[in-house]
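*Asks:* Show me how the following folds:
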Amino acid sequence: MDKPTQQKILAQLSEGFINKTSASASAAVKAPVTEFTCTERLEQEKRTFFRETPLLMGLSTDLPDTDTYVATNETGQPLLMTRDAHGRFRAFLNVCRHRGAQIAAPGRGRKRRFTCPFHAWNFSNTGELIAINRESSFGCVEKDDFGLTELPALEAHGMLWVRPSTGPMFTEADVLGGLSEDFRNWLEQEHPFSEEQVIDANINWKLAIDTFGENYHFDVLHSASLANDIVGNLQTWDTFERNGRMVFAGKEAFRYVHENKVPIEYWPYREVTLNVYFLYPNCILLVDNAGVDVLKMYPDADNPAKSKTYHSHYLRPEHKEQIQLQGSEHPKESRFEGFNRVVVDEDYAAAETVQAAAASGAQEHYIFGKNEPALQHYHNTHRQGLGLTPLQAYLE
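*Replies:* Below you'll find the model as predicted:
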């Protein structure tokens with residue numbers, strides 16, 4: 001994010017802080033509870049969003065050097081992402097072309113070649129089938145026809161994107177939709193990978209995204225936690241085609257700069273804000289003083305009331321340097337300890353009651369308020385992706 005954009009956002013937050021106003025949609029809308037419970041909808045979403053749509057899989061620092069790799073099953077497809085000897089990012093189906101075994105166990109590491117654990121077929125990190133175990137007894141095989149299945153993959157501004165199905169290549173504009181400048185600036189310096197976790201939740205994957213989509217609830221649900229740090233019911237909101245950017249204000253920082261009449265051009269942007277990006281279709285990306293969090297929400301294969309959140313944290317470069325000066329490679333406390341006390345113990349716990357109410361048939365619709373524009377936006381983008389009509393206004 002460039003300096004003029006930062007100044008514009010700070011001015012909007014400052015006005016809202018003084019006047020107790022916030023970004024607003026034109027009207028409240030109704031969201032049917034079937035958004036979270038319908039099994040037919042789940043099948044549509046799995047196909048449309050998690051097979052046919054490019055997905056943010058992580059940051060470039062997940063593959064920090066040549067001949068590094070990441071293997072994951074998170075999308076529902078077994079994927080192998082590599083950085084070859086020339087530094088090129090590639091993605092493949094993590095499936096041996098002989099009998100379909102995964103050639104790399106889920107995880108990350110450094111390898112130039114991968115050997116299938118079933119029959120020892122050997123593949124390069126550029127996808128070529130190099131060797132067939134006991135080839136003379138196996139029979140004549142044209143190796144060029146049995147390399148790993150390569151997938152459309154793009155590395156742009158420190159981000160790794162993959163579509164988990166074969167087909168034509170996609171572009172930076174397709175996935176970032178106007179946010180290139182933001183991430184060109186945020187990730188100009190590499191944010192090294194720090195740690196990762198997987199959160200199993202008894203909530204729909206879109207409901208998991210919803211917990212990050214507004215701060216109207218901060219002063220209530222997070223009264224003893226996040227409300228101490230972030231000004232509740234105050235945010236900016238900007239759309240970038242199917243994506244969106246929401247920015248919150250740090251409570252103590254905003255109080256200090258206003259009480260001391262600090263000129264806005266001297267406010268340290270990253271230290272006084274929390275930047276929340278929705279990246280279509282399933283990612284929440286957070287930028288704050290500590291670093292970058294990438295949260296990817298995926299549906300359960302069969303149950304619309306279950307999901308997994310894959311969460312990776314990347315350190316701000318300056319913080320990595322401070323940690324190394326203290327003689328360590330990792331922070332003393334995991335980022336996830338404080339994070340999970342808020343997100344898992346409060347947000348997802350509350351969302352479970354929403355999911356249970358949806359399953360009970362207690363009501364047909366929920367309401368997304370005018371002060372919840374992000375929720376309205378990405379529910380509508382999901383509906384558009386499925387060929388559905390937009391959410392209806394509460395009062396037409």
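*Asks:* going forward, measure contacts between C-alpha atoms and count neighbours the same way
*Replies:* Will do.
*Asks:* I'd say Phe193 and Gly58 touch.
*Replies:* No. Phe193 is beyond contact range of Gly58, at 9.5 Å (criterion: Cα atoms under 8 Å).
*Asks:* These two: which is more packed in?
*Replies:* Each of Phe193 and Gly58 has its neighbours counted (other Cα atoms under 10 Å); Gly58 has more, 26 against 21.
*Asks:* Phi, psi for the more buried one please.
*Replies:* phi 160, psi -170 (degrees, to the nearest 10).
*Asks:* What separation do you get for it and Glu352?
*Replies:* 27 Å (Cα to Cα, to the nearest Å).
*Asks:* For Ser60, give me its contacts.
*Replies:* Ser60 sits next to Glu155, Gly158, Met159, Leu160 when contact means Cα atoms under 8 Å, 6 or more residues apart in numbering.
*Asks:* Which members of these occur in strands, if any?
*Replies:* Those of the contacts of Ser60 mapping onto strands are Glu155, Met159, Leu160, per DSSP state E.
*Asks:* so which of the residues you listed comes closest to Thr239?
*Replies:* Relative to Thr239, the closest of the ones in strands among the contacts of Ser60 is Met159; by Cα to Cα it sits at 19.4 Å.
*Asks:* Show the pLDDT at the closest residue to that closest one other than its chain neighbours.
*Replies:* Closest residue in space to Met159, ignoring its immediate chain neighbours: Leu59 at 4.3 Å, by Cα to Cα, 6 or more residues apart in numbering. Note for Leu59: predicted pLDDT of 98.
*Asks:* Tally up the residues packed near Leu59, please.
*Replies:* When neighbours are defined as other Cα under 10 Å, Leu59 has 25 of them.
*Asks:* Wait, it touches Leu154, no?
*Replies:* No. Applying Cα under 8 Å, one finds Leu59 not in contact with Leu154, separated by 11.2 Å.
*Asks:* Now do the shared contacts for those two.
*Replies:* Joint contacts of Leu59 and Leu154 (Cα under 8 Å, 6+ apart) are Leu160.
*Asks:* which one among the contacts of Ser60 gets closest to His86?
*Replies:* The nearest one, if we look at the contacts of Ser60 relative to His86 and count by Cα to Cα, is Glu155, at 14.0 Å.
*Asks:* any idea which helix or strand carries Arg270?
*Replies:* Taking DSSP states H and E as the criterion, Arg270 maps to helix 269-272.
*Asks:* just the CA coordinates of stretch 87-102, formatted as CSV?
*Replies:* Below are the C-alpha coordinates for stretch 87-102, written out as CSV (Å, rounded to 0.1, in the frame of the first residue of the first chain):
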residue,chain,number,x,y,z
GLY,A,87,13.8,-20.2,-9.0
ARG,A,88,10.6,-20.8,-10.9
PHE,A,89,7.4,-21.5,-8.9
ARG,A,90,5.4,-24.6,-10.2
ALA,A,91,2.4,-26.6,-9.0
PHE,A,92,1.4,-30.2,-9.7
LEU,A,93,-1.1,-32.7,-8.7
ASN,A,94,0.8,-34.7,-6.0
VAL,A,95,-0.1,-38.0,-7.7
CYS,A,96,2.2,-40.6,-9.2
ARG,A,97,1.1,-41.3,-12.8
HIS,A,98,1.6,-45.0,-12.3
ARG,A,99,-0.9,-46.0,-9.6
GLY,A,100,-1.9,-42.6,-8.1
ALA,A,101,0.0,-42.6,-4.8
GLN,A,102,1.1,-39.3,-3.4
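*Asks:* Would you mind listing the buried residues in the helix holding Arg270?
*Replies:* Buried residues in helix 269-272, counted by 16 or more other Cα atoms under 10 Å: Tyr269, Arg270, Val272.
*Asks:* Just to check, the second one is in contact with Leu286?
*Replies:* No. Here Arg270 does not reach Leu286: they are 11.3 Å apart, not a contact under Cα under 8 Å.
*Asks:* on that earlier part again, closest one to Leu187 out of the ones in strands among the contacts of Ser60, please.
*Replies:* Met159 (8.4 Å).
*Asks:* The closest one and Gly178, how far apart?
*Replies:* 15 Å.
*Asks:* repeat for Asn303
*Replies:* 34 Å.
*Asks:* cool, Glu241 as well?
*Replies:* From Glu241 over to Gly178 (counting by Cα to Cα), the distance is 7 Å.
*Asks:* Kindly report the same for Asp238.
*Replies:* 11 Å.
*Asks:* hey, what's in contact with both of Phe193 and Gly58?
*Replies:* Ser312.
*Asks:* does Asn380 belong to a helix or a strand, and which?
*Replies:* Per DSSP H and E: helix 373-385 holds Asn380.
*Asks:* same check, this time on Val175
*Replies:* Using DSSP H and E, the element containing Val175 is helix 172-176.
*Asks:* now do Ile9
*Replies:* Applying DSSP H and E as the criterion places Ile9 in helix 3-19.
*Asks:* Same question for Met246.
*Replies:* strand 243-249.
*Asks:* Of the ones in strands among the contacts of Ser60, which is the most crowded?
*Replies:* Leu160 (23 neighbours).
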